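> Structural data only, the sequence is not supplied:
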């Protein structure tokens, strides 16, 4: 049964935020500058450069709760399922824009450009209906229109649960696990791209996201070593 009451959604959001925060506080967090550069710009009060953070839908909890998100805006689905997520992000002081690349997308992009002035933007490029971990054009289009670089990301945990959803699972780290946060080099997209140009950069971001997620999984299994001396524990 879907919860549609704003009061119940608000109550659920408060309970969920508290529970997930408590869970993440038991975990060890490690960051890795895959490819030689790791930008955790959303931790800065006054970032020197604003980015578009590309995050797969099933890994969304990791950047929200493993690091404190500052100066962040996020695109959240207009679907009813997005209401709870929007309330959760609001409680974490993340600016919310409701919309998607498939429904209300053009309006949402225009609103993002206004609402996210002075903020980073996080986007789940495979949402809101999938397919799982398959890029759509929204983040590349936004990069082309704003001049912001895309930061591809990958996340994993040494032990985790997978909560089944309609088209993708949601990864949740288990208590006392080690969480790996990986960020790749900024991908800078030229302005005014044609459809073919957008497709090219979609493939580029897809490859980088796949690489980072694969590396994060191998680190979590103890099968890979850090690629940089800047690797650090938090």
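Nice, thanks for sending it over. For clarity, every value in this text was computed on a predicted model and none was experimentally measured. Numbers count the residues shown, from 1 in each chain.

> Sketch out the low-pLDDT regions of this structure for me.
1-6, 9, 33-47, 68-69, 77-82, 99-109, 225-234 (pLDDT under 70).

> ok, longest strand in it?
Counting residues, the longest strand found in the chain (DSSP state E) is strand 149-157.

> what packs against whatever helix or strand comes next after that strand?
Once the chain leaves strand 149-157, the next helix or strand it forms, by DSSP states H and E, is strand 160-163. For strand 160-163, the elements it packs on are strand 170-173, judged by 3 or more Cβ pairs under 8 Å, 6 or more residues apart in numbering; DSSP states H and E. The way it works is simple: take the backbone N, C-alpha and C, and place the C-beta from them, glycine included.

> quick one: strands adjacent to the helix or strand following the strand it packs on?
Downstream of strand 170-173, the next assigned helix or strand under DSSP H and E is strand 178-183. Using DSSP bridges, strand 178-183 pairs in its sheet with strand 28-32 (parallel), strand 149-157 (antiparallel).

> just how off-centre is strand 178-183 within its chain?
12 Å (Cα atoms, centre = their mean, to the nearest Å).

> which residues in the protein form strands?
28-32, 51-54, 72-76, 95-98, 120-123, 149-157, 160-163, 170-173, 178-183, 232-233.

> what's the closest of those to residue 62?
strand 149-157 (3.8 Å; Cβ to Cβ).

> Report the buried residues of that closest one.
Under the neighbour-count criterion of 16 or more other Cβ atoms under 10 Å, strand 149-157 has 149, 150, 151, 152, 153, 154, 155, 156, 157 buried.
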